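3D model of this:
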Amino acid sequence: MKRLVDLGVAAAVAIALSSYAVAQAPSNAAPENITEYPIGPKDLLEIRVLEVPELNVERRVSDGGILDLPLLGPFSVSGMTATDVRDRLQSLLTSKYVNRANVSVTVKEFASKPVSIVGAVQKPGSLNISGRWYLLQAISAAGGLTEAAGKKIFVLRRADNGLADTLEIKTDDLFRNNTMQWNVLLLPGDTVNIPARRMVRVFCLGEVKNAGALEFDSDDRISLLSVIAKAGGLTDRASNSIRIKRRGPDGKDSETIANYRRIVSGKDPDPVLRADDVLIVKESFF
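Predicted coordinates:
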């Protein structure tokens with residue numbers, strides 16, 4: 001030997017989520033590869049060198065992307081992967097200090113690209129993940145869901161080339177139905193968004209039993225038939241022709257005509273309505 005100089009239900013659902021998430025981490029989850037993660041400022045690295053115990057350390061990367069190790073001193077690791085750093089250390093050691101170096105490098109905390117969790121959680125913000133984190137663990141670390149949590153959870157993942165992809169998960173699938181395939185592995189830089197429920201209004205006028213403004217959960221599928229059902233159904237004088245008025249983004253109103261009888265019989269699709277749409281059911285004269 002040479003001489004050495006050298007990562008959407010009620011708040012009560014989230015109790016004990018952390019241990020549950022670890023125990024229930026899905027074995028069939030996609031084997032996401034985090035070995036290509038580019039190291040950045042404030043990331044925490046774990047170094048292990050079998051031949052050199054002095055280098056068995058944990059070190060945080062500086063704001064300038066510098067890693068300072070015992071015996072070897074400072075060198076830049078910004079943009080390098082854990083594999084790149086391992087190869088660099090092996091090269092430094094074998095070129096000057098040892099005949100052979102068994103080196104391992106692990107990113108313990110992905111602080112330069114934290115997972116962000118926003119929306120209806122108790123403590124929204126950034127999470128410095130360490131090791132492999134799953135969705136339930138992130139929600140647990142954010143204090144769990146609030147009572148306002150909606151029916152959907154979105155995981156946004158943005159690639160280095162700027163392209164983004166969004167995974168939509170039903171809150172009930174994750175928490176109530178025990179569908180653990182949706183307890184997905186999170187990667188550095190992911191954003192978890194849990195939108196809060198909000199009430200939207202649709203107006204139903206004319207020949208219905210309870211005309212007026214009707215409120216729906218924003219996560220619900222609002223259709224013509226569901227609006228009429230919530231309005232108590234049609235009166236005996238109602239026409240089969242129903243007008244749907246909608247105001248567009250440009251402020252202009254548009255109008256479509258739907259045939260109630262054809263929709264009920266399945267001959268026409270049940271139109272999906274939006275917030276502030278107006279249904280007008282006219283009186284039949286025949």
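
residue ranges with poor pLDDT in the stretch 151-286 of the chain?
Counting by pLDDT under 70, the stretch 151-286 of the chain shows low-confidence ranges at 160-162, 178, 286.

quick one, strands of it?
152-158, 164-170, 191-194, 199-206, 212-217, 238-247, 253-259, 278-283 (DSSP state E, counting those that start in this stretch).

Redo those strands as CSV? Include distance to Ala120 and mean neighbour count.
To be clear about C-beta, it is placed using only N, CA and C from the backbone, and glycine gets the same treatment. Formatted as CSV, the strands of the stretch 151-286 of the chain follow (distance: least, C-beta to C-beta, whole Å; neighbours: other C-beta atoms under 10 Å):
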stretch, distance to Ala120, mean neighbour count
strand 152-158, 10, 18
strand 164-170, 14, 13
strand 191-194, 5, 21
strand 199-206, 15, 17
strand 212-217, 13, 13
strand 238-247, 28, 17
strand 253-259, 33, 11
strand 278-283, 30, 18
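
and of those strands, who's closest to Ile66?
Evaluated over those, closeness to Ile66 peaks at strand 152-158, with 26.2 Å, by C-beta to C-beta.

The closest one to strand 164-170, inter-axis angle?
160 degrees (axes from the mean of the first three to the mean of the last three C-alpha atoms, to 10 degrees).

And strand 152-158, what does it pack against?
Packed against strand 152-158, as judged by 3 or more C-beta pairs under 8 Å, 6 or more residues apart in numbering; DSSP states H and E, are the following elements: strand 164-170, helix 171-175, strand 191-194.

Run through who's touching the longest one.
It stands for strand 164-170. Strand 164-170 is touched from outside by 8, 135, 151-159, 182, 184, with contacts defined as C-beta atoms under 8 Å, 6 or more residues apart in numbering.

what do you get if the cut-off is 7 Å, keeping everything else the same?
Contacts to strand 164-170, defined as C-beta atoms under 7 Å, 6 or more residues apart in numbering, come from residues 151-158, 182, 184.

Among these, give me the pair with the biggest separation.
Lys151 and Arg158 (24.3 Å).

Break down this protein into its helices, ranges please.
Ranges of helices within the chain are 17-23, 82-96, 135-141, 171-175, 224-230, 260-264, based on DSSP state H.

If I look at the closest residue to Leu55 other than its chain neighbours, what pLDDT would I see?
Nearest-residue entry for Leu55: Val49, 4.1 Å, with adjacent residues in sequence omitted and distances by C-beta to C-beta, 6 or more residues apart in numbering. According to the predicted model, the pLDDT of Val49 comes to 94.

isn't Val49 right up against Pro70?
No - contact criterion C-beta atoms under 7 Å: Val49 and Pro70 do not qualify, at 10.3 Å.

domain parsing for this structure?
Structural domains annotated on the chain: 11-26+113-194, 44-109, 199-283, as defined by automatic domain parsing.

any chance of these in JSON lines, with distance to Glu36 too?
Shown next, in JSON lines, are the domains of the chain (distance: least, C-beta to C-beta, whole Å):
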{"stretch": "domain 11-26+113-194", "distance to Glu36": "10"}
{"stretch": "domain 44-109", "distance to Glu36": "5"}
{"stretch": "domain 199-283", "distance to Glu36": "36"}
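
For Asp43, give its distance to Thr106.
According to C-beta to C-beta, to the nearest Å, Asp43 and Thr106 sit 11 Å apart.

out of these two, which sits in the more crowded spot?
Using other C-beta atoms under 10 Å, the more surrounded residue of Asp43 and Thr106 is Asp43, with 26 against 16.

dump the residue contacts of the more buried one.
If you count contacts by C-beta under 7 Å, 6+ apart, Asp43 has them with 61, 107, 109-112.

Find the nearest non-adjacent residue to Glu54, please.
Going by C-beta to C-beta, 6+ apart, Glu54 has Pro70 as its nearest residue, at 5.1 Å.

ok, that neighbour touching Glu58?
No - the pair Pro70 and Glu58 does not pass the contact test of C-beta under 7 Å, sitting 11.5 Å apart.

Find the residues that touch each one of the two.
Counting by C-beta under 7 Å, 6+ apart, Pro70 and Glu58 have no common neighbour.
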